[in-house]
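> sequence first, predicted model second:
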Amino acid sequence: MSAFRGMAMARQPVERVFATARDALPEVAKYLDDVERIVVVERAELPDGSVRLVNRWTARAKIPAALSAVVRPEMLTWIDRATWDPHDHVCRFGIEMGFFPDRVRCTGASRYEPAMGGRGTRVSFEGELVVMATGLPGVPAFLEAAVSKGIEAFVSALIPGNLRKVVDGVVRYLDGMGPA
């Protein structure tokens, strides 16, 4: 298991950042250099005001040579299943990887809090990633632990950086929209 955490700041109010991250990700994708596209697969507005979203992400990422025999470029997609709670400005998510979805588990939460005297937003996120490589096709038993650690390191390094880039993309998107 590998834990990840991070934080990003936005010079926009909480409500705008939270709503944009929830509702405009497909449009924000053009501001993300390592994301090819984001497609909303499902959206449900719940009776308590929360929104449940399922988004399919497609990445643009270079695969380390050591993993290229196991991880192919077309595998760099993931499904993001998230519940956005507007009352406490928290997004709880689970990510289903495009490669070995039965062997990779990723869960976490992003919190959107006022910053900069209410004129900005602090987005903190944390979660955990678990990779199970035992019996992985094409990987000799004596290399399973090393491959597992390599995949875990690769993926857990992508997640916090991607989440920070999403917040930066949200800000760039909002800045292009002008005043609310």
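Perfect, thanks for sending it.
> chain center to the helix or strand of the chain with the lowest mean pLDDT: distance?
The weakest-scoring helix or strand in the chain, judged by mean pLDDT, DSSP states H and E, is helix 144-177 (a mean of 83). How far helix 144-177 lies from its chain's middle: 6 Å, per C-alpha atoms, centre = their mean, to the nearest Å.
> give me the buried positions along it.
147-148, 150-152, 154-156, 158-160, 162-171, 173-174 (16 or more other C-beta atoms under 10 Å). (Each C-beta comes from the backbone N, C-alpha and C, glycine too.)
> equivalent analysis for stretch 79-87, please.
Under 16+ other C-beta under 10 Å, the buried positions of stretch 79-87 are 79, 80, 81, 82, 83, 84, 85.
> the last one and residue 49: what is the separation?
The gap separating residue 85 from residue 49 is 8 Å, by C-beta to C-beta, to the nearest Å.
> do residue 138 as well
In terms of C-beta to C-beta, residue 138 sits 47 Å off from residue 49.
> follow-up on the earlier one: which elements pack onto the least confident helix or strand of the chain?
strand 2-10, helix 14-23, helix 25-28, strand 104-115, strand 120-131 (3 or more C-beta pairs under 8 Å, 6 or more residues apart in numbering; DSSP states H and E).
> 6 Å instead?
When contacts are defined as 3 or more C-beta pairs under 6 Å, 6 or more residues apart in numbering; DSSP states H and E, helix 144-177 packs onto strand 2-10, helix 14-23, helix 25-28, strand 120-131.
> so the residue of the chain positioned farthest from its centre versus residue 21, what's the distance?
No residue in the chain sits farther from the centre than residue 142, which is 31.5 Å out by C-alpha atoms, centre = their mean. Distance, residue 142 to residue 21, using C-beta to C-beta: 43 Å.
> how about residue 63?
Here residue 63 is placed at a distance of 27 Å from residue 21 (C-beta to C-beta).
> stretch 117-130: which residues count as buried?
In stretch 117-130, counting by 16+ other C-beta under 10 Å, buried: 120, 121, 122, 123, 125, 126, 127, 129.
> how far does that stretch sit from the chain's center?
The answer for stretch 117-130 is 12 Å, by C-alpha atoms, centre = their mean.
> now that stretch - C-alpha only, PDB.
Below are the C-alpha coordinates for stretch 117-130, written out as PDB (Å, rounded to 0.1, in the frame of the first residue of the first chain):
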ATOM      1  CA  GLY A 117      -9.200  35.700   3.400                       C
ATOM      2  CA  GLY A 118     -12.100  34.000   1.500                       C
ATOM      3  CA  ARG A 119     -10.800  35.100  -1.900                       C
ATOM      4  CA  GLY A 120      -9.100  31.800  -2.600                       C
ATOM      5  CA  THR A 121      -9.300  28.000  -2.100                       C
ATOM      6  CA  ARG A 122      -7.000  25.400  -0.500                       C
ATOM      7  CA  VAL A 123      -7.600  22.000  -2.000                       C
ATOM      8  CA  SER A 124      -6.100  19.200   0.000                       C
ATOM      9  CA  PHE A 125      -6.300  15.600  -1.000                       C
ATOM     10  CA  GLU A 126      -5.200  12.300   0.400                       C
ATOM     11  CA  GLY A 127      -5.700   8.700  -0.400                       C
ATOM     12  CA  GLU A 128      -4.200   5.300  -0.800                       C
ATOM     13  CA  LEU A 129      -3.100   3.000  -3.600                       C
ATOM     14  CA  VAL A 130      -2.900  -0.800  -3.300                       C
END
